[in-house]
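Engineer: Generate coordinates for the sequence data below:
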Amino acid sequence: MRGDLFSAADPGLQELILHGHRLCDAYNAPETHDERPEIIQVLFGKTGKDPYVEAPIHVDYGFNITVGDNFYCNFDCVFLDGAPISFGDNCFLAPGVQVLTATHPVDAVQRRTVEYAKPIVVGDDVWMGAGVLVLAGVTIGSRVVIAAGAVVNKDVPSDVVVGGVPAKILKRLVPRPAVRAEKEEGDDW
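Structural biologist: Residues are numbered from 1 along each chain as shown. Next up, the predicted model:
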């Protein structure tokens, strides 16, 4: 959780991973469709209002994942949550998104036995297209669109569209004022 090196083979960690995998197995089973809201509440560390997660989903631990209100996750997403993964409100993930806090030393000998993880933070109103990869240690601002297939390996500011491998800013967005709930007489929108 602090970014320190650790052994994934540690018996305590293996037990926690197994618990997360069992919850995913239960969530992904077709016959548990009606129980999915309760399972996601147990699997994730914290959820806002109305999270919707399509099965299948895959996690390492699950309890390091927090999502805000109105979170939507499409089919076949992967969350390697050795460190915290945090989503703001109104985040939408297309099929096959991977959010990966896990990383490994570049030294080959060290890499044989240890790894480490860095947190990922995602702001509000973020849309990740199909097959997006978000790598360890990245912070993504609010109101961001990430194009399908992008590999996000560095921080992304708010109000941009990013895409490519590695992801680069493709367009800057103009922040909009909050939309009024009711149209006033004389408005043209």
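Engineer: so where is this structure shaky, pLDDT-wise?
Structural biologist: 1, 177-189 (pLDDT under 70).
Engineer: ok, 90 please
Structural biologist: Across the chain, the ranges flagged by pLDDT under 90 are 1-14, 17, 30-34, 105, 111-112, 114, 174-189.
Engineer: Show me the helices in it, by range?
Structural biologist: 11-28, 36-43, 108-111 (DSSP state H).
Engineer: Can you say which of the ones you listed is nearest to residue 61?
Structural biologist: Closest approach to residue 61 among those (C-beta to C-beta): helix 11-28, 4.6 Å. Bear in mind the C-beta positions are built from the backbone N, C-alpha and C, glycine included.
Engineer: Show me what the closest one is in contact with.
Structural biologist: 6-8, 32, 35-36, 39-40, 42-43, 53, 55-63 (C-beta atoms under 8 Å, 6 or more residues apart in numbering).
Engineer: Which of those residues are buried? Put it as a PyMOL command.
Structural biologist: Typed into PyMOL, the line below selects the buried ones among the contacts of helix 11-28, using 16 or more other C-beta atoms under 10 Å:
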select buried, resi 6+36+39+40+43+53+55+57+58+59+60+61+62+63
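Engineer: Sort out for me which of the contacts of helix 11-28 are in strands.
Structural biologist: 53, 57-59 (DSSP state E).
Engineer: What about residue 176, how many residues nearby?
Structural biologist: 8 (other C-beta atoms under 10 Å).
Engineer: ugh, wrong one, residue 86
Structural biologist: 18.
Engineer: surely it meets residue 123?
Structural biologist: No: using C-beta atoms under 8 Å, residue 86 is not in contact with residue 123; the gap is 9.3 Å.
Engineer: before we move on, back to that, possible to save the ones in strands among the contacts of helix 11-28 as CSV with distance to residue 169?
Structural biologist: Shown next, in CSV, are the ones in strands among the contacts of helix 11-28 (distance: C-beta to C-beta, whole Å):
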residue, distance to residue 169
53, 29
57, 29
58, 30
59, 30
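Engineer: first to last residue in stretch 72-91, what's the distance?
Structural biologist: 6 Å (C-alpha to C-alpha, to the nearest Å).
Engineer: Go ahead and measure how far that stretch is from the middle of the chain.
Structural biologist: 2 Å (C-alpha atoms, centre = their mean, to the nearest Å).
Engineer: List the buried residues of that stretch.
Structural biologist: So, applying 16+ other C-beta under 10 Å, buried residues of stretch 72-91: 72-74, 76-91.
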